[in-house]
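In: Based on what follows, work out the 3D shape:
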Amino acid sequence: MTDAQYAVRLRSVCLARTAAPVDVAALEGDARRWLRYRRMVRSRISGTLAQAFPRLAAILGAEHFSALEARFLESGALASPSLRDVPAEFVAWLRSARSTDVDAVPLPALELAELESAERAMAMAPDDPEIPLGPLAMDRPAALTRAHRLLAFEHAVHRVAPPAVLLAPPALTWLCVYRDRETLVTRTLELSAVTHALLEALGREEEPLVDCVNAAAARTGVAVDAAFVRALGGLLGDLSERGILRGART
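Out: Residues are numbered from 1 along each chain as shown. As a prediction, the model looks like this:
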């Protein structure tokens, strides 16, 4: 048996809904040891998912959440060897499953899962690189912190306590999940459509700030008038204080 064939057998023993005796036997050795190993692997993955998605588990219920977990494990969607990547792969699978089976998980629940995954990812995001930065300038590209993620939802799931998430009314919602640079606590900031578009443009790290502002305004149909310019100054100051905007690239 080649290494690739062995890996397929081992994956099947660990992740299939039931461990087929033929797969266990192919691994050779004490079958009881392999079944203990299966329980250990599944327990670690289950613990990681439970820790990452407490609100999702609460609204779906233990039985539904466990069923989704079992389907995820046997789907082949789990590809990374690192446990830290499991929550993101689970969310990607939920999104894929919903595209073919709308009853797999309700949309508000999927959005809540994406929010919880983003919160976890930003808590573990790498530190920002040490690069020369100056004060914000309209004629220079702006640098954003690595520890931020933009989300766009059809429901304001961040405003609703877990039991009521499935009843959340439709409401287009734009969010920025970021890690506070002082406390290192992950926070969620609700954005306007134009601010979300601006941060998307700034994240490309190519265009001067003024071009990103104009592009965001045009994309969202906002007039760049005196009121907009006054609000922009306050917005940039707030994003800078939060550490989302780090400064201008020199």
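
In: Give me the neighbour count for V105.
Out: Using other Cβ atoms under 10 Å, V105 has 21 other residues around it. C-beta: built from backbone N, CA, C; applies to glycine.

In: Ok, A77 next?
Out: A77 has 15 nearby residues by other Cβ under 10 Å.

In: cool, A164 as well?
Out: So A164, with other Cβ under 10 Å, has 12 neighbours.

In: And the helices in the protein?
Out: For the chain, the helices defined by DSSP state H cover 3-15, 21-27, 31-52, 54-60, 62-75, 86-100, 107-123, 193-202, 209-220, 226-241.

In: Does anything pack onto the second one? Which helices or strands?
Out: Identification of packing neighbours for helix 21-27 by 3 or more Cβ pairs under 8 Å, 6 or more residues apart in numbering; DSSP states H and E yields helix 3-15, helix 31-52.

In: where does the chain dip in pLDDT?
Out: 102-103 (pLDDT under 70).

In: So which of the helices and strands packed on helix 21-27 is nearest E130?
Out: Minimum separation from E130 across these (Cβ to Cβ) falls at helix 31-52, 30.2 Å.

In: If you count neighbours, what's buried in the closest one?
Out: W34, R38, V41, I45, S46, T48, L49, A52 (16 or more other Cβ atoms under 10 Å).

In: From D30, how far out is the third one?
Out: Put plainly, it is V41. Computed as Cβ to Cβ, to the nearest Å, the V41 to D30 distance reads 16 Å.

In: next one: the second one
Out: Summarising the geometry, the distance separating R38 from D30, computed by Cβ to Cβ, is 13 Å.

In: Kindly report the same for the fifth one.
Out: For S46, the distance to D30 (Cβ to Cβ) stands at 24 Å.

In: wait, what's in contact with R149?
Out: R149 is in contact with A118, A121, M122, C176, V177, Y178, counting by Cβ atoms under 8 Å, 6 or more residues apart in numbering.
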